[in-house]
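1. what follows is a predicted structure for the sequence shown.
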Amino acid sequence: MPRLRLLLNILTFYSLGKFILIQTTGVKNQMSMALKADVALACRASGTEKPINLVHLSSMTMGDRTLEIEVLKMFACQIPQFMALLDNASTEDELCRTAHTIKGAARSIGALKLADIIEVTEDTARYDRQQVADEMDKIKRYIVDLGTA
């Protein structure tokens with residue numbers, strides 16, 4: 001019964017990918033990872049998925065908000081470099097290695113759609129520059145909207 005009461009006391013809002021928790025007692029509390037994962041899956045299924053899965057990012061940083069902000073800022077700064085590396089790859093092997101690096105960086109911050117797009121580049125040694133650039137722009141705008149950049 002206490003668990004049910006706790007769940008009933010928590011109001012959850014999902015805005016700009018941020019989870020804001022308000023408990024009726026006035027004490028902030030963290031939403032369980034299972035609930036966050038459920039929300040992330042529901043967003044993906046409904047087509048409202050954000051460019052960065054903040055649940056994934058939070059699990060990678062063990063919930064350290066300061067580290068999350070630092071990682072997002074670094075990724076945003078690296079976006080032009082990522083595009084330049086892709087554009088300037090002179091061999092298929094170089095393109096595939098670059099794509100592999102970007103895929104890993106994207107997955108580590110929860111930019112899962114970008115990782116999926118880049119994985120195609122890694123597998124085929126061809127990339128759709130416009131599609132990659134569009135997704136990277138979405139990510140950069142999202143990071144700015146979160147107020148971290």
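-> Structure received.
2. could you pull out the helices for this protein?
-> 2-9, 33-46, 54-60, 65-87, 92-109, 112-124, 129-145 (DSSP state H).
3. how far away is residue 141 from residue 127?
-> 21 Å (C-beta to C-beta, to the nearest Å). Bear in mind the C-beta positions are built from the backbone N, C-alpha and C, glycine included.
4. and the two? Which one has more around it.
-> residue 127 (21 against 13; other C-beta atoms under 10 Å).
5. how about that one, nearest residue that isn't a chain neighbour?
-> With sequence-adjacent residues excluded and distances taken as C-beta to C-beta, 6 or more residues apart in numbering, residue 127 is closest to residue 121, at 3.7 Å.
6. pretty sure that neighbour sits against residue 99.
-> Yes - under the criterion of C-beta atoms under 8 Å, residue 121 makes contact with residue 99 at 4.1 Å.
7. so for those two, which sits in the more crowded spot?
-> residue 99 (26 against 23).
8. the more buried one against residue 118, yeah?
-> Yes - using C-beta under 8 Å, residue 99 is in contact with residue 118, at 5.0 Å.
9. follow-up on the earlier one: need the helices of the chain in a markdown table (columns: mean pLDDT).
-> As requested, these are exported to a markdown table (pLDDT from 0 to 100):
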| stretch | mean pLDDT |
| --- | --- |
| helix 2-9 | 38 |
| helix 33-46 | 66 |
| helix 54-60 | 88 |
| helix 65-87 | 94 |
| helix 92-109 | 94 |
| helix 112-124 | 93 |
| helix 129-145 | 93 |
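10. domain map for this structure?
-> 2-49, 55-145 (automatic domain parsing).
11. got the end-to-end distance for the last one?
-> Using C-alpha to C-alpha, to the nearest Å, the span of domain 55-145 from its first residue to its last is 17 Å.
12. look up how far residue 67 lies from residue 102.
-> Distance, residue 102 to residue 67, using C-beta to C-beta: 21 Å.
13. looking at the two, which has the bigger crowd around it?
-> Per other C-beta under 10 Å, whichever of residue 102 and residue 67 has more neighbours is residue 102, with 28 against 14.
14. which residues does residue 90 contact?
-> Residues counted as contacts of residue 90 (C-beta atoms under 8 Å, 6 or more residues apart in numbering): none.
15. residue contacts, residue 101?
-> residue 85.
16. try it again with 10 Å
-> Contacts of residue 101 were listed using C-beta atoms under 10 Å, 6 or more residues apart in numbering, and they are 82, 85, 118, 122.
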